[in-house]
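A.B. asks: Have a look; sequence and predicted model below, questions after that.
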Amino acid sequence: MSSIDHNEIQKNYNNIDEIWTKEDSWHFYTFGRIKKFIKNEIKKLDLGNNFTLLNAGSAGNDYEINCEKHIHVDLIEKNILDKPHHIIGTIEKLPLKNNEMDFILCVGSVINYTDALCTIKEFSRILNTGGYLILEFENSYSLEYFLTNSFKKKANIVNTFYKNKEEKVWIYSHKFMKELLELNNFRIIKSKNFHILSPLIYRFYKNEKVASKFSIFDSFLAYIPFLKNYSSNIILLCQKV
């Protein structure tokens, strides 16, 4: 697979002071859904705080997780320099030992800036058997790509939007991501889909503020099996087996 230029990512994100802002209603809603999922699922797992966590592409966000050791990874140095444990670099290749981590968090569509084959394989290498992965990604079945060559592709590089600017990211189909996880010894325990109708509105109007208002329909569309597959974002709780 070809790749996205890490230097370009660094250049773009070095100029951003805050990743999630209320002014960016689309991504602020995304942030809320991610935070809620993380909080609920970690609470249900009842891990206490005696575990090691890798926060892949964290941008310095702790997500209010209490653990024994919290390692932040990010390409943007300024985001994580103040963290006691941090790694500056790509999540596709990490300077960590086999089976070193108990939990991996990779959200905010971080995996969409990477080669998912390399990243999932690396996560499997460093995670203990029985350990957990929370992974969130952007789905090629999203109606944002309806009537384009990227729609439903296993993997493809596309132009999308962030903070009113175009950027290049990978998109992956939910079926392909499931295959990758299974090939690397991950079992999906739970999934949540969001931004279901809003991407279709964005596809035709190219206005993320207007489109984000339609995320209100996620509350019932996410329970319709056929429709939920067309969500822009999917978040998964997985366990290494």
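C.D. replies: Here it is on my side, so go on.

A.B. asks: Please work out which residues outside the longest strand seen in the chain touch it.
C.D. replies: Scanning the chain for the longest strand, with DSSP state E as the assignment, gives strand 127-138. Strand 127-138 has contacts (CB atoms under 8 Å, 6 or more residues apart in numbering) with 34, 37-38, 41, 45, 99-109, 111-112, 116, 123, 160, 169, 171-172, 177, 181, 185-186, 232-241. Backbone N, C-alpha and C define where each C-beta goes, glycine included.

A.B. asks: If any of those are buried, put those into a ChimeraX selection.
C.D. replies: Buried subset of the contacts of strand 127-138, written as a ChimeraX selection, criterion 16 or more other CB atoms under 10 Å:
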select :34,37,38,41,100,101,102,103,104,105,106,107,108,109,111,112,116,123,160,169,171,172,177,181,186,232,233,234,235,236,237,238,239,240
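
A.B. asks: quick one: which of the contacts of strand 127-138 sit in helices?
C.D. replies: With helices taken from DSSP state H, the overlap with the contacts of strand 127-138 comprises 34, 37-38, 41, 45, 116, 123, 177, 181.

A.B. asks: what stretches of the protein score poorly on pLDDT?
C.D. replies: 1-2, 11, 15, 163-165 (pLDDT under 70).

A.B. asks: if you set the cut-off to 90 instead, what comes out?
C.D. replies: 1-24, 159-168, 205-208, 225 (pLDDT under 90).

A.B. asks: ok so, going back, could I get the ones in helices among the contacts of strand 127-138 as a markdown table with distance to Phe146?
C.D. replies: Shown next, in a markdown table, are the ones in helices among the contacts of strand 127-138 (distance: CB to CB, whole Å):
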| residue | distance to Phe146 |
| --- | --- |
| Ile34 | 24 |
| Phe37 | 26 |
| Ile38 | 30 |
| Glu41 | 30 |
| Leu45 | 36 |
| Ala116 | 22 |
| Phe123 | 31 |
| Met177 | 19 |
| Leu181 | 26 |
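
A.B. asks: Widest-spaced pair of those residues?
C.D. replies: Pairwise distances across the ones in helices among the contacts of strand 127-138 peak at 24.3 Å for Leu45 and Ala116 (criterion: CB to CB).

A.B. asks: Could you list every helix and strand in contact with whatever helix or strand Phe28 lives in?
C.D. replies: According to DSSP states H and E, Phe28 maps onto helix 25-45. Judged by 3 or more CB pairs under 8 Å, 6 or more residues apart in numbering; DSSP states H and E, the packing partners of helix 25-45 are strand 127-138, strand 186-194, helix 208-212, strand 233-240.

A.B. asks: between the second one and strand 233-240, how many degrees?
C.D. replies: Interaxial angle of strand 186-194 relative to strand 233-240 (axes from the mean of the first three to the mean of the last three CA atoms, to 10 degrees): 160 degrees.

A.B. asks: What pairs with strand 186-194, parallel or antiparallel?
C.D. replies: Using DSSP bridges, the strands paired with strand 186-194 are strand 233-240 (antiparallel).

A.B. asks: again with the first one
C.D. replies: The pairing partners recorded for strand 127-138 under DSSP bridges are strand 101-106 (parallel), strand 233-240 (antiparallel).

A.B. asks: List just the one of the ones you listed that sits closest to Ser212.
C.D. replies: Proximity to Ser212, assessed across these by CB to CB, is greatest for strand 233-240 (12.1 Å).
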